[in-house]
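Colleague: Fold the following.
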Amino acid sequence: MHILKENKIILKKSFEFPCSYIEGKTERRLYIDLDKSQNKNLLVSELTLNGFRRNHDHMYIPICQDCTMCISSRINILNFKLSKSNKRNLKKNSDLVLKKRLKKLDKERYLLFKEYCDIRHSDSQMKDMKEADFENFLYNSKNKNVVFDLIDEKSSLFGSILVDVLNDGFSAVYSFYRPNQQKRGLGKNLILSLIQELEKIKLPFLYLGYWIEGCNKMNYKSLYNGIEFYQNGNWLPKL
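Modeller: Down below sits the predicted model:
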C-alpha cells in the first residue's frame, strides 16, 4: 500500500494469544501504531478499505497460522434494501432517533455500557473498564470518529455506537444498548439507523469489522442486504 511507504510506517507482528472467537485457537496480528502517522484519518480510511480494523490506537489484520476465518465485512449502501425484518425493526423502534453524542448523557452512557457488559458480555475484559478509560476510548481517539446515541423524545438513552469517520463511510467500532430490551432488537436498529445516516450524507459503505462463518456472535453481519466481504484483495458480494 502506497500510504504506508509515503508515511514510512512500520508493520509489526504481535505475539500469539488465545482467539476471542474460536475456542482452542490462537490469534496473531499484523498491526500499525497510529501514533506514528501524520495523517491518521487518511491512514484509517485506506487501511479499513484494505481489510484492517482499528483497536484503540492501532490498526490490525489477523495473520493467524493455519486459519483464515476472519473476513472483513461491509454493507454497500447502494445495494442495500430493507427486508421485512428490517421494516419490522424500524416500526418497533419508531419512537427512537439517532443523534450525535449528547454530552449531557455522558454519565448515563457509561452506566449503560457497564450494564450491557455485565449482562451480555460478562466474560469480556471490557466489563472491567473504568470510567476514565471508557471516556478515553470513546471520546479521545487519534482519528476522526463520532459517537451516536439512540434516544427517545425525553432524551432517555437506549443505545450508543462509536464509529470511525472514513472517506467512503463509517466503520462501526463498538456498540452497546439496553440489555433488558431484547424484543426491540436495539443492536440491529443501531445498524439500520447508521445506514439511514449514510444515505443522508451520501457515503456508500458501513464497515462492520470481521465476520467468521458459523460464529453466532457475528452471524448478524451476513444477514444484511448489500453485505460484502474482503477476499483476495477485493470486496465481493455475498454469494
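Colleague: need the contact list for residue 232.
Modeller: Going by C-beta atoms under 8 Å, 6 or more residues apart in numbering, residue 232 touches no other residue. From N, CA and C alone the C-beta is placed, and that goes for glycine too.
Colleague: got the contact list for stretch 88-97?
Modeller: Residues outside stretch 88-97 that contact it (C-beta under 8 Å, 6+ apart) are 82, 150-153, 158, 183-186, 188-189, 192.
Colleague: If you could redo that for stretch 108-126, that was the one I meant.
Modeller: Identification of contacts with stretch 108-126 by C-beta under 8 Å, 6+ apart yields 127, 129, 131, 134-135, 138, 147, 149, 157, 159-160, 176-180.
Colleague: In strands only, show me those residues.
Modeller: The strands, defined by DSSP state E, take in 147, 149, 157, 159-160, 176-177 from these.
Colleague: Tell me the gap between the host helix or strand of residue 194 and the middle of its chain.
Modeller: Using DSSP states H and E, residue 194 maps to helix 186-201. Here helix 186-201 is found 12 Å from its chain centre; the criterion is C-alpha atoms, centre = their mean, to the nearest Å.
Colleague: got the buried residues for it?
Modeller: 186-195, 197-198 (16 or more other C-beta atoms under 10 Å).
Colleague: Can you name the next helix or strand after it?
Modeller: Downstream of helix 186-201 (by DSSP H and E), the next one is strand 205-211.
Colleague: distance between the next helix or strand after that next one and the chain's centre?
Modeller: Sequence order places strand 227-231 as the next helix or strand after strand 205-211, per DSSP H and E. Offset of strand 227-231 from its chain centre (C-alpha atoms, centre = their mean): 15 Å.
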